[in-house]
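Q: Here's my sequence, what's the structure:
(chains A, B, C and D)
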Protein chains: 2
Amino acid sequence: MEVPEVVVDRLPQYVRALRELRRRSHKVVSSTELGDLLQMTPAQIRKDLSYFGRFGKQGRGYNVESLLEQLKSILGLNRGWNLALVGVGRLGRAILGYPGFAPEGFHLVAAFDDDPKVVRQSFGGLIVQPTSQLAEEVAAKSIRIAIVAVPAAQAQAVADQLVSCGIRAILNYAPVAVQTPPEVKARTIDPVVALQSMTYYLTNESRRSASPKETPLRDESAARDARVRRAPERGKGGAP
Amino acid sequence: MEVPEVVVDRLPQYVRALRELRRRSHKVVSSTELGDLLQMTPAQIRKDLSYFGRFGKQGRGYNVESLLEQLKSILGLNRGWNLALVGVGRLGRAILGYPGFAPEGFHLVAAFDDDPKVVRQSFGGLIVQPTSQLAEEVAAKSIRIAIVAVPAAQAQAVADQLVSCGIRAILNYAPVAVQTPPEVKARTIDPVVALQSMTYYLTNESRRSASPKETPLRDESAARDARVRRAPERGKGGAP
DNA sequence: GTTTGTGAAGTATTTCACAGCC
DNA sequence: GGCTGTGAAATACTTCACAAAC
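A: Residues are numbered from 1 along each chain as shown, chains lettered A, B, ... in the order given. Below you'll find the model as predicted:
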């Protein structure tokens, strides 16, 4: 049974939602409720979970606490992970200062840069080392995940170096698609690309009010409306 | 002819690759070359482009400069876009200082926060305004895109407010899936979620060396190898 | 010779719909 | 009555493969 990558990519979202439900003291949740929270269909949630086991109870739903623990275990989140950062420029320093990693078990334990202006300096409690130290530190600190925050032109070379050091996952902040062998996972974070795909829709806004072929056969619109979609609060000034 | 969202999401990557090719003075590019660069199949690139027109020449490929211009026009990138930022905490300030937006035509022209410690203060050349000013500024500066950088707990309320002001696209940095009506696009940037989906593979590494059912029928592996995949450079120290 | 553009074929993913259980 | 888990159906997406163009 091979789990599709899209499914794996959704699991962290389930974890997020379940934590929130736990915070609100919900003991049990149905796939419909979870779907409302995450803007997904109940069937998708049930199908996704079914790749990993049977976690629910008919007529009741899922126990929030136990489903959360199960998913954390599946994702490997019930342990800590050491991270290396390569690139300690403006962006790299912001990443070192980002408080969102540690509470999730991601610990930045080494920082690398070859710029003489930053090497040997200390940022966020870490002394910046030259990249020549990479392999040594990766081995010494059992680092399997790296964050790349170097300029685009250097990103691929850095990724190659990381791969050769045995790194198995790369979170890339450089605006290029870095290539890795299949056994090394990579994800790129690129706010500009996200903006650029949205401007397509702002530019080509003609899909609403376009002639609907016919009334949808299935209760498609009803399903859409059934999902939670909070009514916008009115801003003080009011929009034109 | 309805363009799938996955296709739109790939167009910015084509733009990136074409800019790089132009920088290297390539005049023409084939779908195969582009595919090598971006780790995609040539057929996918041709099919994607075919949703928008016929841009290539048989036997030759695509003119780099003109395909670039066409794609920029399709995405609405041959103009500037004003952006509003909501949330001027640590993350918001890093965003204000990020130099990657302006060269792509994205201009942060207003910043909002209700924290008395930052309101009226100046960051990155912008004076922080209270969110009560949102609707007014959005209208005055024709802002259609907003960046949300507030804590998770406030993100949905802020998104609702933005929607009610007429904002049409939201780039959300808060670690929650914000809900928007269908006519308002939203993208969430969440490095922790990206890391959490990768740890799944680090935790469950048993898919290689697993018995291959049989030799692939089609030249699947050949196709994979055909794509550019640069050999990792050796690090100074060498990996264990 | 090369490479595009595209229907058709093949996969992948999502959704349906219902038996089974609480 | 409500809800899960899941094969089957439907939809979406990718890749093939080849005629047409150069």
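Q: now chain A, which segments are flagged as low pLDDT?
A: Low-confidence segments of chain A, defined by pLDDT under 70: A:206-240.
Q: Next, see if the biggest helix by length in it gets close to DNA strand C.
A: Determined from DSSP state H, the single longest helix within chain A is helix A:5-23. Yes - interface with DNA strand C: helix A:5-23 contributes A:Glu5, A:Val6, A:Val7 (CB under 7 Å from any atom of the strand). Every residue, glycine included, has its C-beta placed from N, CA and C.
Q: Please check the residues you listed and keep the buried ones.
A: A:Val7 (16 or more other CB atoms under 10 Å in any protein chain shown).
Q: would a markdown table of the residues of helix A:5-23 next to DNA strand C with distance to chain B be doable?
A: Below are the residues of helix A:5-23 next to DNA strand C laid out as a markdown table (distance: CB to the nearest CB, whole Å):
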| residue | distance to chain B |
| --- | --- |
| A:Glu5 | 8 |
| A:Val6 | 10 |
| A:Val7 | 10 |
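Q: From the residues of helix A:5-23 next to DNA strand C, pick the one nearest A:Ser25.
A: A:Ser25 has its nearest neighbour among the residues of helix A:5-23 next to DNA strand C in A:Val7, at 28.5 Å by CB to CB.
Q: Without its sequence neighbours, what residue ends up closest to the closest one?
A: Spatial nearest neighbour of A:Val7, chain neighbours left out: A:Asp48 (4.9 Å); criterion: CB to CB, 6 or more residues apart in numbering or on different chains.
Q: give the contact list for that neighbour.
A: Shown in contact with A:Asp48 (CB atoms under 8 Å, 6 or more residues apart in numbering or on different chains): A:Val7, A:Arg10, A:Leu11, A:Tyr14.
Q: so which of these is the most crowded?
A: Tallying neighbours with other CB atoms under 10 Å in any protein chain shown puts A:Leu11 at the head of the contacts of A:Asp48, with 23 neighbours.
Q: now the residue nearest to A:Val7: how far from B:Ala146?
A: 31 Å (CB to CB, to the nearest Å).
Q: so what's A:Leu68 closest to, chain neighbours aside?
A: Among residues not flanking A:Leu68 along the chain, A:Leu18 sits closest, at 4.1 Å (CB to CB, 6+ apart).
Q: What about the one you found, how many residues nearby?
A: Neighbourhood size, A:Leu18 [other CB under 10 Å]: 25.
Q: What are the buried residues along stretch A:62-79?
A: For stretch A:62-79, burial by neighbour count (16+ other CB under 10 Å) applies to A:Tyr62, A:Asn63, A:Val64, A:Leu67, A:Leu68, A:Gln70, A:Leu71, A:Lys72, A:Ile74, A:Leu75, A:Gly76, A:Leu77.
Q: just stretch A:191-210 next, same as before
A: Neighbour-count burial for stretch A:191-210 flags A:Pro191, A:Val192, A:Val193, A:Ala194, A:Leu195, A:Gln196, A:Ser197, A:Met198, A:Thr199, A:Tyr200, A:Tyr201, A:Thr203 (criterion: 16+ other CB under 10 Å).
Q: How far does that stretch sit from its chain's centre?
A: Taking CA atoms, centre = their mean, to the nearest Å, one finds the center of stretch A:191-210 at 23 Å from the center of the full chain.
Q: ditto for stretch A:57-71
A: That offset, for stretch A:57-71, works out to 22 Å (CA atoms, centre = their mean).
Q: who touches it?
A: With contact meaning CB under 8 Å, 6+ apart, stretch A:57-71 is reached by A:11, A:14-15, A:18-19, A:21-22, A:26-31, A:33-34, A:49, A:52-53, A:55-56, A:77-78.
Q: elements contacting the very next helix or strand once past the longest helix of chain A?
A: Next along the chain after helix A:5-23, taking DSSP states H and E as the criterion, comes strand A:28-29. Applying 3 or more CB pairs under 8 Å, 6 or more residues apart in numbering or on different chains; DSSP states H and E, one finds that strand A:28-29 contacts strand A:61-63, helix A:64-75.
Q: Format those as TSV; extra columns: distance to B:Val176.
A: Listed next are the helices and strands packed on strand A:28-29 as TSV, based on distance: least, CB to CB, whole Å:
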stretch	distance to B:Val176
strand A:61-63	20
helix A:64-75	16
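Q: For these, could you give me TSV that also reports distance to DNA strand C?
A: Putting the helices and strands packed on strand A:28-29 into TSV (distance: least, CB to the nearest atom of the strand, whole Å) gives the following:
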stretch	distance to DNA strand C
strand A:61-63	11
helix A:64-75	15
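Q: before we move on, the earlier item: restrict the buried residues of stretch A:62-79 to those near DNA strand D?
A: Among the buried residues of stretch A:62-79, the ones lying near DNA strand D by CB under 7 Å from any atom of the strand are A:Tyr62.
Q: With distance to B:Gly166 as new columns, can the buried residues of stretch A:62-79 be given to me in JSON lines?
A: Converted to JSON lines, the buried residues of stretch A:62-79 look like this (distance: CB to CB, whole Å):
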{"residue": "A:Tyr62", "distance to B:Gly166": "38"}
{"residue": "A:Asn63", "distance to B:Gly166": "42"}
{"residue": "A:Val64", "distance to B:Gly166": "37"}
{"residue": "A:Leu67", "distance to B:Gly166": "39"}
{"residue": "A:Leu68", "distance to B:Gly166": "38"}
{"residue": "A:Gln70", "distance to B:Gly166": "42"}
{"residue": "A:Leu71", "distance to B:Gly166": "38"}
{"residue": "A:Lys72", "distance to B:Gly166": "40"}
{"residue": "A:Ile74", "distance to B:Gly166": "42"}
{"residue": "A:Leu75", "distance to B:Gly166": "38"}
{"residue": "A:Gly76", "distance to B:Gly166": "43"}
{"residue": "A:Leu77", "distance to B:Gly166": "39"}
